[in-house]
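Novice: please work out how this folds:
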Amino acid sequence: MKEEEKTISKVVIGSDHAGLACKEKILQFLLSKGFDSIEDVGTFTESSVDYPDIAHQLCKVMIANTEEYSNTKGILICGTGIGVSIAANKVIPSNATAESLGLSASNVFRASLCWNTYTAEMTRKHNNSNILCMGARTTSVEEMKEIVNVFLNTSFDGGRHDTRLAKLGGIISSESMGQDIL
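Specialist: As a prediction, the model looks like this:
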C-alpha cells in the first residue's frame with residue numbers, strides 16, 4: 001500500500017441492483033490493494049432496491065465512528081452514478097453529530113460523480129469529497145478501478161479550497177434559516 005492509502009482507516013461501499021456486479025468487482029480490487037477495513041452496505045441481490053436507501057445507509061455507517069470519520073471514504077455505484085450522488089448529498093446529520101466532527105451539518109458528506117481519473121483527482125484535491133459515485137452503465141469495471149485508485153490516493157489541497165467548502169455549508173445554512181442569499 002502507498003503511504004496515502006494507510007491514512008484511510010475504512011472504506012464503505014454500496015450499490016443498488018444496477019451496480020451490484022461492479023460493486024463486487026471493486027470490493028475484490030480493494031482487497032487486492034490491501035484495504036482490510038471495508039464495510040459493504042448492500043445491496044446483496046439483483047432484486048430491485050431504491051438507491052436513496054443505499055446512499056443513506058452508507059452515510060450512516062461513515063459517521064458511526066466519529067473518530068474515524070475523516071479517514072473513512074465511501075463508494076457508491078448505481079446505473080449512472082447520478083442518483084446515488086444526489087441522494088448522498090441530501091443526507092444531513094444532526095447538528096450535534098456534525099459538531100463532533102468539527103463541521104457544519106450541511107458539509108459532512110461531499111459525494112461526487114466521477115467518470116474518469118481526472119474528475120476523481122480534482123474532486124479530492126479541490127472539494128475534499130469523501131464519497132465517490134460511479135455509474136455501472138456508463139463506466140467499465142477497469143475504468144472504475146483506476147478511478148477508485150486515484151480517489152483513494154489523492155489528498156485534499158486545503159488552502160483556498162477550505163474557504164470554498166465553508167461557503168458551501170453557509171449557503172445551505174442561510175437558505176434553511178430563510179435568509180435571502182442572492
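
Novice: contacts and neighbour counts: CA atoms only from here.
Specialist: OK.

Novice: for the closest residue to residue 130 other than its chain neighbours, what are phi and psi?
Specialist: Nearest non-adjacent residue to residue 130, counting by CA to CA, 6 or more residues apart in numbering: residue 73, 5.0 Å away. With angles defined as degrees, to the nearest 10, residue 73 sits at phi -120, psi 150.

Novice: now do residue 90
Specialist: Backbone torsions for residue 90, taken as degrees, to the nearest 10, come to phi -90, psi -10.

Novice: sorry, back to before: separation between the residue nearest to residue 130 and residue 49?
Specialist: Relative to residue 49, residue 73 is positioned 22 Å away (CA to CA, to the nearest Å).

Novice: out of the two, which sits in the busier spot?
Specialist: Comparing residue 73 with residue 49 by other CA atoms under 10 Å, the one with more neighbours is residue 73, at 25 against 15.

Novice: doesn't residue 128 make contact with that one?
Specialist: No. The pair residue 73 / residue 128 is not scored as a contact, 10.5 Å apart, by CA atoms under 8 Å.

Novice: now the helices: where do they sit in the chain?
Specialist: 3-6, 20-32, 51-62, 82-90, 95-101, 117-127, 141-152, 160-176 (DSSP state H).

Novice: mind checking these for the one nearest to residue 69?
Specialist: Proximity to residue 69 (CA to CA) singles out helix 51-62 among these, at 6.2 Å.
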